[in-house]
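Trainee: Take this sequence and fold it.
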Amino acid sequence: MKKLHYVLALAFLAQPTPAYADHEEGLIPLFLGLLTVIVLAVVVLGAPLNRIGTLILATICLFAIVLTFSIVDSLPLLDNLATINLLVVGVPTMACIIGYYALRNRFGKK
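Mentor: Take a look at the predicted model:
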C-alpha cells in the first residue's frame, strides 16, 4: 500500500502544474486523463478476474485511452472543450465497463 502512495505522488508531481495558471484550459484534458487512468487502474486491479482476464481488460482500457487521445488530438481545443473532456473520460470508461462484462463469464474467479 505504501508503494501505491509513492506512485500516486510521483504521478501528480510529474504533471505540468506550474503552467496551469496561464493556460488552464489546455491542461484540463490532461488532468482528466490522469484521473481516468488512476481510477481505471484501481478498478481493473480490483476486478474479480483471473490474471489473463485482468491483462486483457487492462489492454482494452489502455488501448481505449490511447485511441481517445489520438482522436482528440486533432480537434481544436477551445471550440470543442466540452466534447474533448467528455470523450477523454467517457470512452475509456465505457470501453472498460463493456470489456469487463464481456470477460467476466469466461475469466471470472471461481
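Trainee: Let me know the distance separating residue 91 from residue 63.
Mentor: Distance of residue 91 to residue 63, computed by CB to CB, to the nearest Å: 11 Å. From N, CA and C alone the C-beta is placed, and that goes for glycine too.
Trainee: higher neighbour count, the two?
Mentor: residue 91 (18 against 13; other CB atoms under 10 Å).
Trainee: Could you list the low-confidence segments of the chain?
Mentor: Within the chain, the segments meeting pLDDT under 70 span 1-2, 12-25, 110.
Trainee: biggest helix in it by residues?
Mentor: In terms of residue count, the longest helix belonging to the chain (DSSP state H) is helix 81-107.
Trainee: who are the neighbours of that helix, in terms of helices and strands?
Mentor: In this structure, helix 81-107 makes packing contacts with helix 24-46, helix 51-72, judged by 3 or more CB pairs under 8 Å, 6 or more residues apart in numbering; DSSP states H and E.
Trainee: Mind giving me the packing neighbours of the shortest one?
Mentor: Meaning helix 51-72. helix 24-46, helix 81-107.
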